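*Asks:* here is my input, please return the structure:
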Amino acid sequence: MHTEEPGMTENLRSVLGSILDSNTGKWRRFIEAILKNDVDAEDVIQEAVRRVLARNCPLSSEEQARMYLARAIGNAAMEFYNSRKRERLRYIPIRDNTLLPDNASSPYACIEEREKSIEKDLLLQLLHEGLTRLPLKQHEALRLTILESGGLSIRDVGITNGIPYSTLRHRNKQGLRRLRRFLEHELKNRIQKSGVRIQELGSGNQDGIGGGDLCQAQKPSES
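*Replies:* Purely as a prediction, here's the structure:
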């Protein structure tokens, strides 16, 4: 049966203060890598701390509190990034947002660039969602070894953070496997939904309008 350490919930604020003293530096670097702005890093950390205190979830140890706060910081950083991105787009003139790329060879180049941008945003959104669904320790492993590794090997990351190499490597592999399954499942569902939609649009043969008739009508006559 799971039991909480005495006073852990009541002393959450002091526990978080101790955790921040030890981890603020590397978390700040992680946030700056996402936002490209060191000024906003402190706001993100404070927002994450505020959320953890507001939720006041029962945490069994300081280690669990550290992982919980790290996850909250990652979520807050991504939300802050998306918010800033939407804010910038609001002030981009429509004329500037619809210009063809410099190397455009056809009128369709702008459409292709827009589709690529939408696809990239979708993949980033799914990646972030997949990361937030991971168990805390697997999420932490991917964050340490990939998102903020600073070029260090898994072994060096483990030594730096006090996690045995075999443990960190196992969590990393499990997290990547879970994340890959999630992405494959979500992308497959979206492709299937798109296919059903296309079939619905192409099966409307009433009044002589349908996918087959339309294709035949557009086919150039042979002479």
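*Asks:* so who does the residue nearest to the spatial centre of the chain touch?
*Replies:* Most central in the chain under Cα atoms, centre = their mean is His128, positioned 1.7 Å from the mean C-alpha point. Contacts for His128 (Cβ atoms under 8 Å, 6 or more residues apart in numbering) come out as Met78. (C-beta placed from N, C-alpha, C; glycine too.)
*Asks:* pLDDT below threshold where in this protein?
*Replies:* Confidence mapping of the chain against pLDDT under 70 gives the ranges 1-10, 88-110, 194-223.
*Asks:* rerun that using 80 as the cut-off
*Replies:* 1-11, 36-39, 56-60, 84-116, 149-151, 160, 190-223 (pLDDT under 80).
*Asks:* all helices for it, in order.
*Replies:* Assigned by DSSP state H, the chain shows helices spanning 12-35, 41-55, 62-90, 94-97, 109-132, 136-142, 154-161, 165-202, 211-218.
*Asks:* looking at those helices, which is nearest to Glu148?
*Replies:* Across the helices of the chain, Glu148 has its closest neighbour in helix 12-35 (4.3 Å, Cβ to Cβ).
*Asks:* list the contacts of the closest one.
*Replies:* With Cβ under 8 Å, 6+ apart as the criterion, helix 12-35 contacts 8, 38, 40-42, 44-45, 49, 52-53, 56, 59, 62, 65-66, 69-70, 73-74, 77-78, 80-81, 84, 143, 147-148, 150.
*Asks:* what's the most buried one of the helices of the chain?
*Replies:* helix 136-142 (a mean of 21; mean count of other Cβ atoms under 10 Å).
*Asks:* other SSEs contacting that one?
*Replies:* helix 62-90, helix 109-132, helix 165-202 (3 or more Cβ pairs under 8 Å, 6 or more residues apart in numbering; DSSP states H and E).
*Asks:* what about 7 Å?
*Replies:* Under the contact criterion of 3 or more Cβ pairs under 7 Å, 6 or more residues apart in numbering; DSSP states H and E, helix 136-142 touches helix 62-90, helix 165-202.
*Asks:* all good on my end, thank you.
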